[in-house]
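In: the sequence isn't on hand, but the structure is:
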């Protein structure tokens with residue numbers, strides 16, 4: 001990643017040098033009205049939003065002229081002109097406000113992680129408290145899902161419009177010996193062309209033996225619109241690596257739960273392994289563009305194309321299974337003492353389509369998807385009478401259509417796609433949104449999905465004897481209903497899912513120690529023949545009285561199943577009591593408070609580093625412990641400063657807090673960090 005850091009630093013230096021030069025001959029602010037790129041939910045652009053003419057000349061509105069003349073203190077141009085556009089065409093303005101919602105996103109993932117339970121060290125994986133945290137995908141992925149939380153997918157990359165160069169710098173201290181930094185800059189070289197470049201890096205040693213985390217996420221992208229507004233483009237390149245030292249969890253839970261000296265120093269606790277590393281690494285090129293054939297923007301005929309090329313690998317290495325510091329029987333017998341499992345994967349995706357869009361009727365689109373993947377090793381394995389091939393390679397073709405309609409209050413989407421051949425892959429998505437007013441809206445959706453499971457369920461090769469398999473599972477079937485009601489009083493959402501033929505990992509070894517932890521982990525994939533019914537209801541409300549506030553999020557979940565396959569806690573809650581004020585003639589914004597987090601006991605999935613994924617278990621329950629975090633947040637101009645005391649009650653409530661059966665939750669930690677935005 002050093003070469004990407006050098007490129008980023010070079011660009012920063014060039015931008016800083018350019019910013020010394022005057023931008024406007026007559027001074028004042030630059031405003032780009034509606035020059036941001038926009039797209040619908042099917043990753044296609046809507047060229048009707050591309051109008052770079054001056055807003056004042058369009059309608060002569062005096063209030064708009066006064067808004068243009070008003071330069072906010074936070075930026076050179078009005079801050080609402082700095083646009084962030086998601087892949088689904090959700091466009092928001094850059095926001096430098098000091099709010100509780102921003103505080104919730106001040107973490108390694110840089111998004112609200114309600115429903116995720118982090119491991120003890122920054123940059124490790126998360127256990128899932130809330131089902132359906134990630135959207136279902138019709139096409140199979142590489143797998144190794146426990147390593148994918150920090151891996152930015154194509155839908156995680158945003159695009160921008162900025163009247164002047166816009167920079168976002170994020171820093172956060174880590175558990176021990178390291179830093180977490182995310183540096184981003186974007187600029188428009190013209191109203192039609194925007195570039196951005198970013199790099200997020202992490203290094204954290206952690207408190208336990210062999211727990212180092214090191215990751216890097218490099219992003220480079222652009223968006224472009226031709227002068228005649230017929231050709232529209234979005235593209236990005238991403239290179240990412242996520243490295244973790246893996247210790248397999250702590251051996252003696254009694255020593256951790258007592259936490260008497262010297263075991264309150266976590267480096268004194270023995271772990272299963274001291275020489276394991278896992279690495280997920282990948283590169284992706286993404287291109288989405290369209291061309292309008294006719295000159296009428298109200299009734300346009302368009303050709304669309306989306307291209308994705310991505311290659312990844314997941315590697316598990318272990319120096320010596322016979323080491324005196326390792327449990328050589330933990331993962332069963334091995335072919336050799338030095339383990340090096342490397343799974344390679346690449347995919348190529350092309351979507352070719354044609355669309356007709358009308359101001360009156362909406363947008364109709366028909367498309368064909370051509371998807372190719374190869375998941376492979378560089379050897380063929382024979383385990384007894386079983387033959388384990390070296391690759392899975394497949395070409396999948398899907399055809400489909402999409403309808404989109406929008407007006408002042410309504411937004412509707414319908415997507416249908418089905419594979420050709422015998423893959424039986426299909427997807428039906430329907431979504432309807434009604435916005436009664438700015439503060440009141442209803443969103444309902446339905447999805448019927450018939451998808452192939454991730455490839456790690458189907459094929460895996462390892463130097464561990466038990467970790468070799470080749471399967472031909474049936475497709476997973478998912479029926480899901482969603483609804484969200486937004487009001488000024490409360491936000492309520494619900495999900496009801498019906499799952500059939502669900503894929504999962506479980507442990508075939510049935511001997512346990514005194515803590516009900518299996519003495520071995522012999523993990524294999526399986527498919528559940530029963531039906532799972534899931535219900536989730538979530539309510540959120542921020543109650544404010546004067547300078548005080550109480551922000552609440554409560555999740556209730558119920559699962560109907562014959563076996564413990566889909567495991568989530570019944571109740572998850574997060575409540576924040578906070579105080580907000582301003583000092584020094586409001587130059588310093590100040591916020592302080594306490595966050596309480598809690599979830600009920602449940603059979604939390606356990607983690608296995610060999611497969612980079614979680615497996616189900618029904619012997620050890622995790623949960624029923626409170627977590628209190630104290631915070632002080634401050635804002636000076638465009639810099640937001642955060643001081644946190646995480647889990648400050650850890651020594652008061654007893655040391656029985658775990659993320660997975662033998663993986664402790666994080667202890668008390670002091671954190672410091674900031675988010676600083678520059679607009680020139």
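Out: Sure, I can see it. These numbers come from a predicted model, not from an experiment.
In: which residues does residue 203 bridge with?
Out: Beta bridges link residue 203 to residue 179, residue 214 when assigned by DSSP bridges.
In: chain center to stretch 480-495, what's the gap?
Out: Remark: stretch 480-495 is offset 21 Å from the chain centroid, using C-alpha atoms, centre = their mean, to the nearest Å.
In: can you tell me the average pLDDT over that stretch?
Out: Mean pLDDT, computed over stretch 480-495, is 95.
In: same thing with stretch 382-400?
Out: 91.
In: distance from the chain centre to it, please.
Out: The answer for stretch 382-400 is 28 Å, by C-alpha atoms, centre = their mean.
In: so what touches it?
Out: 138-139, 366-381, 415-421, 423, 425, 427, 455, 458-459, 461, 465, 468-470 (C-beta atoms under 8 Å, 6 or more residues apart in numbering). (C-beta placed from N, C-alpha, C; glycine too.)
In: residue ranges with poor pLDDT in the protein?
Out: The model of the chain has pLDDT under 70 over residues 1-75, 133-135.
In: spatially central residue for this protein, please.
Out: residue 149 (5.6 Å; C-alpha atoms, centre = their mean).
In: got phi/psi on that one?
Out: Dihedral pair for residue 149: phi -60, psi -40, per degrees, to the nearest 10.
In: for residue 416, see how far away it is.
Out: 31 Å (C-beta to C-beta, to the nearest Å).
In: neighbours of the closest residue to residue 299 other than its chain neighbours, just the number please.
Out: Of all residues not flanking residue 299 in the chain, residue 358 sits nearest, at 5.1 Å (C-beta to C-beta, 6 or more residues apart in numbering). For residue 358, the count of nearby residues is 13 (other C-beta atoms under 10 Å).
In: list phi and psi for residue 358.
Out: Residue 358 has phi and psi values of phi -140, psi 140 when expressed as degrees, to the nearest 10.
In: just grab the bridge partners of it for me.
Out: Beta-bridge pairing for residue 358 (DSSP bridges): residue 299, residue 362.
In: circling back: what sits against the closest residue to the residue nearest to the centre of the chain other than its chain neighbours?
Out: Sequence neighbours aside, residue 126 is the residue nearest to residue 149 in space, at 5.4 Å (criterion: C-beta to C-beta, 6+ apart). Neighbouring residues of residue 126 by C-beta under 8 Å, 6+ apart: 113, 116-119, 149.
In: put the buried members of those residues into a ChimeraX selection.
Out: Buried members of the contacts of residue 126, defined by 16 or more other C-beta atoms under 10 Å, are picked up in ChimeraX with:
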select :113,116,117,118,119,149
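In: farthest pair in the contacts of residue 126?
Out: Based on C-beta to C-beta, the longest span within the contacts of residue 126 runs between 113 and 119 and measures 12.3 Å.
In: just to check, the residue nearest to the centre of the chain is in contact with residue 115?
Out: No. The pair residue 149 / residue 115 is not scored as a contact, 11.8 Å apart, by C-beta atoms under 8 Å.
In: the stretch 351-500 of the chain: strands as residue ranges?
Out: Assigned by DSSP state E, counting those that start in this stretch, the strands in the stretch 351-500 of the chain fall at 362-376, 381-383, 386-388, 391-406, 410-419, 426-435, 441-451, 459-460, 469-470, 476-486, 491-500.
In: deepest-packed of the ones you listed, please.
Out: strand 459-460 (a mean of 24; mean count of other C-beta atoms under 10 Å).
In: direction included, what does that one pair up with?
Out: strand 469-470 (antiparallel).
In: which other residues reach the partner strand?
Out: 386-389, 458-460, 524-525.
In: in CSV: those residues, plus distance to residue 631.
Out: Output for the contacts of strand 469-470, formatted as CSV (distance: C-beta to C-beta, whole Å):
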residue, distance to residue 631
386, 54
387, 56
388, 51
389, 53
458, 45
459, 46
460, 43
524, 43
525, 41
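In: and which of the residues you listed is nearest residue 439?
Out: residue 525 (46.5 Å).
In: which residues touch the nearest residue to residue 104 once chain neighbours are set aside?
Out: Once flanking residues are discounted, residue 104 sits nearest to residue 112: 4.4 Å by C-beta to C-beta, 6+ apart. Counting by C-beta under 8 Å, 6+ apart, residue 112 touches 101, 104-105.
In: including secondary structure, could these go into TSV?
Out: Shown next, in TSV, are these (DSSP: H, G, I helix; E, B strand; the rest coil):
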residue	secondary structure
101	helix
104	helix
105	coil
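In: what's across from the closest residue to residue 455 other than its chain neighbours in the sheet?
Out: Residue nearest to residue 455 in three dimensions, not counting chain neighbours: residue 375, with 4.3 Å by C-beta to C-beta, 6+ apart. On the basis of DSSP bridges, residue 375 is bridged to residue 345, residue 392.
In: quick check: residue 375 touching residue 459?
Out: Yes. Counting by C-beta under 8 Å, residue 459 is a contact partner of residue 375 at 6.5 Å.
In: returning to what we had before: residue 229: which of the contacts of strand 469-470 is nearest?
Out: residue 458 (45.6 Å).
In: what is the burial count for the closest residue to residue 169 other than its chain neighbours?
Out: Leaving aside its chain neighbours, residue 169 sits nearest to residue 676 (4.6 Å; criterion: C-beta to C-beta, 6+ apart). Residue 676 has 16 neighbours, counted by other C-beta under 10 Å.
In: same check on the one 3 residues further on?
Out: Residue 679 is flanked by 20 other residues according to other C-beta under 10 Å.
In: residue 527 too?
Out: The number of residues packed near residue 527 is 15, by other C-beta under 10 Å.
In: for the one 10 residues further on, same thing?
Out: Counted with other C-beta under 10 Å, residues neighbouring residue 537 total 14.
In: now swap in residue 268 and tell me
Out: Using other C-beta under 10 Å, residue 268 has 12 neighbouring residues.
In: run through who's touching stretch 576-588.
Out: Residues contacting stretch 576-588 (C-beta under 8 Å, 6+ apart): 98, 100, 103, 547-552, 589-596, 634-637.
In: scratch that, stretch 242-252
Out: Stretch 242-252 is contacted from outside by 123-125, 147, 150-151, 208-215, 256, 269-274, 276-281, 327, 330, 607, 609, 660-664, using C-beta under 8 Å, 6+ apart.
In: 6 Å - rerun?
Out: With contact meaning C-beta atoms under 6 Å, 6 or more residues apart in numbering, stretch 242-252 is reached by 147, 150, 209-215, 256, 269-273, 276-280, 609, 662-663.
In: and if you look at stretch 175-190?
Out: In contact with stretch 175-190 (C-beta under 6 Å, 6+ apart) are residues 121-122, 160, 162, 165-172, 174, 194, 196, 198-207.
In: from the residues you listed, list just the buried residues.
Out: 121-122, 160, 162, 165-170, 172, 174, 194, 196, 198-207.
In: SS state for the residue nearest to residue 104?
Out: Put simply, residue 112 is coil when judged by three-state DSSP.
In: residues touching the spatially closest residue to residue 320 that is not a sequence neighbour, list them.
Out: Of all residues not flanking residue 320 in the chain, residue 337 sits nearest, at 5.4 Å (C-beta to C-beta, 6+ apart). Contacts for residue 337 were tallied using C-beta under 6 Å, 6+ apart; they are 320-322.
In: sorry, back to before: of the contacts of strand 469-470, which is the nearest to residue 556?
Out: Once C-beta to C-beta is applied, the member of the contacts of strand 469-470 that ends up nearest residue 556 is residue 525, at 30.4 Å.
In: fine by me, thanks again.
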